[in-house]
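Colleague: pasted the sequence and its predicted model underneath.
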Amino acid sequence: MKTVTIYTDGACSGNPGPGGWGAILMYGEHKKELSGGEAQTTNNRMELTAVIRALGCLKEPCVVELWSDSKYIIDALEKGWARSWRAKGWVKSDKKPALNPDLWGELLDLLEVHQLRCHWVKGHAENKYNNRCDEMAVAESRKFK
């Protein structure tokens, strides 16, 4: 399988409020940037959307090296929380409803096709790809102000 590196980020002004997301896909010499936004959303929804949209671009099963500054995304995937939420009817271990079940369901379905390796990267630091994703996400969120 091909190995694709994906960087993602989400941004939201107000949380909830206008939001945006950005993603970069890299394979060999190829690089593709994606971004979008919504008028009324949350930061976590934008983080999830970035990953979903990036994975949706893949035309065949891949090994995916996912880099994100979202602990929400990384922990929910690496620690199995998201799969557990779905198995329990989108209820968390504290008996409260899991947030964003629509997006988590879509993401988990995509991950049945791909092999994911998650990596947390410190946000607003020295990673040029994470910083570029943040720039795109913020620019998209500003379109709705």
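Modeller: Here it is on my side, so go on. Numbers count the residues shown, from 1 in each chain.
Colleague: that's a strand at residue 104, yeah?
Modeller: No: assigned with DSSP: H, G, I helix; E, B strand; the rest coil, residue 104 falls outside any strand and is helix.
Colleague: in this structure, which spans are helices?
Modeller: 43-56, 71-78, 81-87, 101-111, 128-142 (DSSP state H).
Colleague: can you redo those helices as a markdown table with mean pLDDT, mean neighbour count and distance to residue 13?
Modeller: Every C-beta, even on glycine, is put in place using the N, C-alpha and C of the backbone. As requested, the helices of the chain are exported to a markdown table (pLDDT from 0 to 100; neighbours: other CB atoms under 10 Å; distance: least, CB to CB, whole Å):
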| stretch | mean pLDDT | mean neighbour count | distance to residue 13 |
| --- | --- | --- | --- |
| helix 43-56 | 98 | 23 | 9 |
| helix 71-78 | 97 | 18 | 18 |
| helix 81-87 | 97 | 17 | 26 |
| helix 101-111 | 98 | 16 | 19 |
| helix 128-142 | 96 | 20 | 5 |
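Colleague: let me see the contact set for the residue sitting nearest the centre point of the chain.
Modeller: Geometric centre of the chain, nearest residue: residue 51, 3.1 Å, by CA atoms, centre = their mean. Counting by CB atoms under 8 Å, 6 or more residues apart in numbering, residue 51 makes contact with 6, 8, 23, 66, 68, 73, 107.
Colleague: repeat for residue 39
Modeller: Applying CB under 8 Å, 6+ apart, the residues near residue 39 are 18, 144.
Colleague: and with 10 Å instead?
Modeller: Residue 39 sits next to 17, 18, 19, 141, 143, 144, 145 when contact means CB atoms under 10 Å, 6 or more residues apart in numbering.
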